[in-house]
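S.K.: fold the following.
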Amino acid sequence: MKILVIEDDKTTGAYIADGLRQEGHVVDLIDNGADGLVQATVGTYDVIVIDRMLPGLDGLSVVKTLRGARNLSPVLLLTALGGVNDRIEGLNAGADDYLAKPFAFGELSARINALGRRPQMSDAPVTLRARDLEVDLLTRKVTRAGQTIDLLPREFALLEHLLRRKGRVQTRTMLLESVWDIHFDPQTNVVETHISRLRAKVDKPFDKELITTVRGAGYRIDAE
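M.R.: Presented below is the predicted three-dimensional model:
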C-alpha cells in the first residue's frame with residue numbers, strides 16, 4: 001500500500017515509516033499539518049496516518065479539510081488524547097480509526113492493514129487483471145489460471161505497480177521510487193533481482209510470459 005504519515009515528532013515519525021517500509025509499503029513522511037494536507041491532496045494514498053497534535057494546522061483540521069474536499073482515503077488518527085470524548089471528536093471529524101499513544105507497532109500495522117482492506121467509495125479498481133492473472137487488492141490474493149501464487153510484500157507491490165500501468169514501460173528509476181521509495185540510484189540490482197523472483201512465480205510455471213523486458217528501457221506488462 002501507499003501510506004502517508006503526518007507526524008511532527010521526528011523519532012515517532014521515523015519509527016512508523018521505517019516499520020511500514022519493512023513490511024513492504026511505500027511511505028511518505030511529512031512533519032507538519034499544512035504540508036501534510038497538500039501532500040494528501042496531490043497524492044493518492046491507500047491510508048493516511050495523522051497525528052492529532054500538529055504544529056500550525058492540527059490533525060482534526062486536516063481531516064475535516066480532506067473530507068470537505070471529498071478525499072475519501074482512510075484516515076487513522078494518532079494522539080496522546082485518548083479519552084472517550086477525544087475519540088468521538090476525532091471520528092466525527094471524519095477519521096476512520098483512532099489509536100492512542102503510546103502504541104504497539106503491531107497494533108498500528110494491523111489497524112492500517114484493516115483500513116486498507118476496506119472497499120473504497122470511488123471508481124478505483126479493487127481487482128487488477130492481465131490475461132489469466134488476477135490480483136485482488138483487498139485480500140492481496142494473486143492467482144493465475146486458477147492457481148494461487150504466494151508473493152512476498154515487495155513482490156506484490158512490484159506486480160501491482162506494473163499492472164496499474166499496463167502497456168507502459170516502467171524504468172528502473174520509476175520502480176525504485178514507487179516500490180522501494182528510493183529517490184536516488186543505490187547502484188544495486190534490487191530491481192533486477194525482484195523482477196527475476198516475480199517472473200519465477202508468475203511467468204515460468206505457465207505457458208506465456210506476462211512481464212516483458214524492454215531492452216535499454218525497463219519492464220512492461222502488455223495491455224490486452
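S.K.: which residues does residue 77 contact?
M.R.: 50, 51, 52, 59, 60, 63, 90, 95, 97, 98, 99 (C-beta atoms under 8 Å, 6 or more residues apart in numbering). For every residue, glycine as well, the C-beta is placed using N, CA and C.
S.K.: nearest to residue 167, of those?
M.R.: Nearest to residue 167 among those: residue 50, at 35.6 Å, using C-beta to C-beta.
S.K.: which strand residues bridge the closest one?
M.R.: Under DSSP bridges, the beta-bridge partners of residue 50 are residue 6, residue 77.
S.K.: that one against residue 37, yeah?
M.R.: No. Using C-beta atoms under 8 Å, residue 50 is not in contact with residue 37, being 9.5 Å away.
S.K.: what do these two both touch?
M.R.: With contacts defined as C-beta under 8 Å, 6+ apart, the residues shared by residue 50 and residue 37 are residue 62.
S.K.: of those two, which one has the most company?
M.R.: Legend: neighbour count by other C-beta atoms under 10 Å for residue 50 and residue 37, higher for residue 50 (27 against 22).
S.K.: ok so residue 148 is a strand residue?
M.R.: Yes. Assigned with DSSP: H, G, I helix; E, B strand; the rest coil, residue 148 falls within a strand.
S.K.: and the helix or strand of the chain with the lowest mean pLDDT, what's buried?
M.R.: Lowest on mean pLDDT, DSSP states H and E among the helices and strands of the chain sits helix 84-93, with a mean of 80. Residues 86, 87, 89, 90, 93 are the ones in helix 84-93 that count as buried (16 or more other C-beta atoms under 10 Å).
S.K.: from the residues you listed, which is closest to residue 107?
M.R.: Of all the buried residues of helix 84-93, residue 107 sits closest to residue 87, with 15.1 Å by C-beta to C-beta.
S.K.: shouldn't the closest one be in contact with residue 98?
M.R.: Yes. Between residue 87 and residue 98 there is a contact at 4.8 Å, judged by C-beta under 8 Å.
S.K.: just the helices in the chain please.
M.R.: Ranges of helices within the chain are 10-22, 33-42, 59-68, 84-93, 105-117, 153-164, 172-179, 190-202, based on DSSP state H.
S.K.: between the fourth one and helix 59-68, how big is the angle?
M.R.: Here helix 84-93 points in a direction 30 degrees away from that of helix 59-68 (axes from the mean of the first three to the mean of the last three C-alpha atoms, to 10 degrees).
S.K.: where's helix 84-93 relative to the chain centroid, distance-wise?
M.R.: Distance, stretch centre to chain centre, for helix 84-93: 26 Å (C-alpha atoms, centre = their mean, to the nearest Å).
S.K.: in a markdown table, list the contacts of residue 77 along with distance to residue 174.
M.R.: Shown next, in a markdown table, are those (distance: C-beta to C-beta, whole Å):
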| residue | distance to residue 174 |
| --- | --- |
| 50 | 28 |
| 51 | 31 |
| 52 | 35 |
| 59 | 32 |
| 60 | 36 |
| 63 | 31 |
| 90 | 36 |
| 95 | 32 |
| 97 | 32 |
| 98 | 36 |
| 99 | 33 |
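S.K.: are any of these buried, and if so which?
M.R.: 50, 51, 52, 59, 60, 63, 90, 95, 97, 98, 99.
S.K.: hey, what's the last one bridged with?
M.R.: According to DSSP bridges, the partner residues bridging residue 99 are residue 78.
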